[in-house]
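Engineer: Sequence first, then the predicted structure, then my questions.
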Amino acid sequence: MIPTVLGAWLAMATGLTSVLRGMGTGLSIILFLGGAFGFMFAIEKTKNSAAGVPVLLAFTFFMGIMLSRMIASVLGFKNGPSLIMTAFGGTAGVFFLMASLASVIKRDLSGMGKWLFVGSLVVLVGGVVSLLMGSTIGMAVISMLCVGIFSAYMLYDLKQIMDGGETNYISATLALYMDIFNVFQSLLALLGIFGGERE
């Protein structure tokens, strides 16, 4: 998570966040999806080599830059810093709960994988549509779904790691990072929509 925080901080400190905000929704979606899928492809190709770790760290740094837009928006609220800390605390709580469940559940959860993948695709498409339409209600619904789906994904991925279903540490790290990132981002969006106090 450290490169993500650094990426977000650097983007806000250098004015890159303002550039990203000025790009328009369509172009920023293309940049985000292109960069994210490009990095994921590169991680998959390098996960069994020494280059895998730097590529993974570069990806998390890129995700921090992309997250800086939302963080800057939330910091525009009077209670922005407390909303960010609440989202961070909520994400930590979800992780602790899912890690606890993964350690006590004896059942094989591998069958959940395909359903969670379909759910994440639905959320991705719904999120893009809501952004393009500028629908606040749509974004709130998608964010709630995202918290649910990626919390379940966290349980699934932790269980896979504990049961030896995922033995590549780079793939395991990427999976958990994406779960944590999506839960945090969705909680932050919900807090911003429902709890943001204007100056």
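Structural biologist: Everything's here; your move.

Engineer: and Thr4, what is it in contact with?
Structural biologist: Thr60, Phe61, Met63, Gly64, Leu67, Phe181 (C-beta atoms under 8 Å, 6 or more residues apart in numbering). In this view, the C-beta of every residue, glycine as well, is placed from N, C-alpha and C.

Engineer: Tell me how many other residues surround the first one.
Structural biologist: In this case it means Thr60. Using other C-beta atoms under 10 Å, Thr60 is surrounded by 21 other residues.

Engineer: could you measure it against Tyr169, distance?
Structural biologist: From Thr60 across to Tyr169, the span is 15 Å (C-beta to C-beta, to the nearest Å).

Engineer: Now the two most distant members of the contacts of Thr4.
Structural biologist: Comparing every pair within the contacts of Thr4 by C-beta to C-beta identifies Phe61 and Phe181 as the most remote, at 12.3 Å.

Engineer: Tally up the residues packed near Val74, please.
Structural biologist: The number of residues packed near Val74 is 21, by other C-beta under 10 Å.

Engineer: Show me what the least confident helix or strand in the chain by mean pLDDT is packed up against.
Structural biologist: Every helix and strand in the chain was compared by mean pLDDT, DSSP states H and E; the lowest is helix 16-22, with a mean of 78. Packing contacts for helix 16-22, counted by 3 or more C-beta pairs under 8 Å, 6 or more residues apart in numbering; DSSP states H and E, involve helix 2-14, helix 52-75.

Engineer: most tightly surrounded among the ones you listed?
Structural biologist: Across these, the average number of neighbours (mean count of other C-beta atoms under 10 Å) peaks for helix 52-75, which reaches a mean of 19.

Engineer: Quick one: mean pLDDT for it?
Structural biologist: For helix 52-75, mean pLDDT is 88.

Engineer: In TSV: the helices and strands packed on helix 16-22, plus distance to Ala102.
Structural biologist: As requested, the helices and strands packed on helix 16-22 are exported to TSV (distance: least, C-beta to C-beta, whole Å):
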stretch	distance to Ala102
helix 2-14	23
helix 52-75	22
